[in-house]
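Enquirer: Turn this into a model:
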Amino acid sequence: MTLFPGRPLAEFVSLVGMQTPDRPLSLAQIARVIGTAPERLRRECHITADLGDRFTLLRRLRHVLCEAERVDQAEEALRADDAPGFGRLMDASHQSCRDDYQISCAELEELVCVARDAGAAGARLTGAGFGGCTVNLVADSEVYTFLTRVDRSFYRPRLGATRGPHEYRFIFKPQSGAEVRWL
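Expert: Numbers count the residues shown, from 1 in each chain. As a prediction, the model looks like this:
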């Protein structure tokens, strides 16, 4: 589904960028740009005092709009059985999470690099809080080689010989989602 048919969402980033600098803005500055009162913006967006008063608007917008386009592109790649294309979209999503949404950490960056070096066609962070985890696209025939490489390069140095990496990594195969069937 597209919000603006015939117009890529990423195009709106440059339009907003013409009005909004690529730096953190105060709530008052954002309210001025969009033509509303700061109090209304705070109330309608549920902005509480503990969130502070500096917001990285343009980068967050770029992540959200480009991620929405990547979702559409990922669906197309999956329908076309294009694993390398899907992997590139996963990589782009990870880069956006790291650079524009700023939700990665050093350990996740290392794990994504190790996964790519171990043969993943795509790797990205996922999860919320506590450092998160990664999702890696790996061919069925390469899964155990991939896990061996990731274990050796990432988990063993951290866990030593006393704890097994199998407690921290899992194999999942894509499946069809839930659906409603009318009788």
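Enquirer: where exactly do the helices run in this structure?
Expert: For the chain, applying DSSP state H gives helices covering 10-17, 27-34, 38-44, 57-79, 83-99, 106-117, 143-150, 156-159.
Enquirer: Out of those helices, which is the most enclosed?
Expert: Per-stretch averages of neighbours, counted by mean count of other CB atoms under 10 Å, single out helix 83-99 among the helices of the chain, with a mean of 19. Quick note: C-beta positions are derived from backbone N, CA and C, even for glycine.
Enquirer: Which other helices and strands does that helix contact?
Expert: Contacts defined by 3 or more CB pairs under 8 Å, 6 or more residues apart in numbering; DSSP states H and E place helix 83-99 against helix 57-79, helix 106-117, strand 122-126, strand 133-137.
Enquirer: Quick one: work out the angle between the last one and helix 106-117.
Expert: For the pair strand 133-137 and helix 106-117, the angle between their directions (axes from the mean of the first three to the mean of the last three CA atoms, to 10 degrees) equals 10 degrees.
Enquirer: in strand 133-137, what's buried?
Expert: For strand 133-137, burial by neighbour count (16 or more other CB atoms under 10 Å) applies to 134-137.
Enquirer: Identify the residues contacting Phe146.
Expert: The contact partners of Phe146, taken as CB atoms under 8 Å, 6 or more residues apart in numbering, are 115, 118-120, 136, 138.
Enquirer: How far off centre is stretch 167-182?
Expert: In terms of CA atoms, centre = their mean, to the nearest Å, the centre of stretch 167-182 is found 19 Å from the chain centre.
Enquirer: Next, the buried residues of it.
Expert: Neighbour counts over stretch 167-182 (16+ other CB under 10 Å) mark Arg169 as buried.
Enquirer: In PDB, list the C-alpha atoms belonging to that stretch.
Expert: Backbone C-alpha positions of stretch 167-182 (Å, rounded to 0.1, in the frame of the first residue of the first chain) are rendered in PDB as follows:
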ATOM      1  CA  GLU A 167      21.200 -20.600  24.400                       C
ATOM      2  CA  TYR A 168      21.600 -17.400  22.500                       C
ATOM      3  CA  ARG A 169      20.800 -18.200  18.900                       C
ATOM      4  CA  PHE A 170      17.900 -19.900  17.200                       C
ATOM      5  CA  ILE A 171      17.100 -21.200  13.700                       C
ATOM      6  CA  PHE A 172      13.800 -20.200  12.200                       C
ATOM      7  CA  LYS A 173      12.400 -21.000   8.800                       C
ATOM      8  CA  PRO A 174      10.000 -18.500   7.200                       C
ATOM      9  CA  GLN A 175       6.400 -19.600   7.200                       C
ATOM     10  CA  SER A 176       3.200 -18.200   5.900                       C
ATOM     11  CA  GLY A 177       1.400 -15.900   8.400                       C
ATOM     12  CA  ALA A 178      -2.000 -16.300   9.900                       C
ATOM     13  CA  GLU A 179      -4.900 -16.000   7.500                       C
ATOM     14  CA  VAL A 180      -8.700 -15.900   7.600                       C
ATOM     15  CA  ARG A 181     -10.500 -18.500   5.500                       C
ATOM     16  CA  TRP A 182     -14.200 -18.000   4.800                       C
END
